[in-house]
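Build me a model from this:
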Amino acid sequence: MTPETDISVQQTWSLLEAVTDPEVPVLSVLDLGIVRDVQVKGREAHIVITPTYSGCPAMDVISMNIRLQLLQHGFEKVIISQVLSPAWTTDWMSEAGKEKLKAYGIAPPNPTQQVCHTKLFADNEAVQCPHCNSWNTRRISEFGSTACKALYQCNDCREPFDYFKCH
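Numbering: from 1, shown residues only. Just a heads-up that it's a prediction; the model follows:
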């Protein structure tokens, strides 16, 4: 970009596709659905994000990476705001992001309606193994490698895997 050229909102959204989640690097901030709004005025950008959960330790790194990405591509000022309401939900994740999770070996979140129905009848949510696609799995721990994931194991292929918890 030359100094005389303003960057459009659409170009800004495209730039954000390159900003990844430090905890799950195959997901962009757009895949996660945490970018709520993008406003551009001249060479200034205002980005609104919602954390996946209150106190998420990755949000500072994500904010820094958004800022760096935009500054490197011609913005002179980047303002990042966090909004907590409405609370983020896994329903905001893109379908492409869910597929990326599965290919990476992390079970993507189940649809909210299925999770709510499942939790009414069982303590252990039905989660499909990302390795062999079996539904014959069991939760080992409510918390996996990060607080937003649970640790499961497949009873068929015996592989352990993280499940990106629905919320």
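
Let me see the residues that make contact with the longest helix anywhere in the chain.
Longest helix in the chain by number of residues (criterion: DSSP state H): helix 59-72. Contacts with helix 59-72, where a contact means Cβ atoms under 8 Å, 6 or more residues apart in numbering, come from 12, 15-16, 18-22, 29, 34, 45, 47, 49, 51, 78, 80, 82. Every C-beta, even on glycine, is put in place using the N, C-alpha and C of the backbone.

how about low-confidence regions in this protein?
1-5, 112-124 (pLDDT under 70).

what phi and what psi does the backbone show at the most centrally placed residue in the chain?
In the chain, the residue lying closest to the centroid (Cα atoms, centre = their mean) is Leu32, at 2.6 Å. With angles defined as degrees, to the nearest 10, Leu32 sits at phi -70, psi -30.

how close does it get to Ser141?
The gap separating Leu32 from Ser141 is 23 Å, by Cβ to Cβ, to the nearest Å.

Tell me the bridge partners for Ile79.
In this entry, Ile79 is beta-bridged to His46, by DSSP bridges.

That one touches Ile47, doesn't it?
Yes - counting by Cβ atoms under 8 Å, Ile47 is a contact partner of Ile79 at 7.2 Å.

neighbour-wise, which of these two wins?
When neighbours are counted by other Cβ atoms under 10 Å, Ile79 and Ile47 differ, and Ile47 comes out ahead with 23 against 11.

quick one: contacts for that one?
Ile47 neighbours (Cβ under 8 Å, 6+ apart): 12, 16, 35, 37-38, 66, 70, 78-81.

if you go through the protein in chain order, where are the strands?
35-41, 44-49, 77-82, 106-107, 137-141, 149-154, 160-164 (DSSP state E).

on that earlier part again, pull out the buried residues from the contacts of helix 59-72.
12, 15-16, 19-21, 29, 34, 45, 47, 49, 51, 78, 80, 82 (16 or more other Cβ atoms under 10 Å).

which among the residues you listed gets closest to Lys102?
Asp21 (15.5 Å; Cβ to Cβ).

so what's the closest one closest to, chain neighbours aside?
Leaving aside its chain neighbours, Asp21 sits nearest to Leu27 (4.6 Å; criterion: Cβ to Cβ, 6 or more residues apart in numbering).
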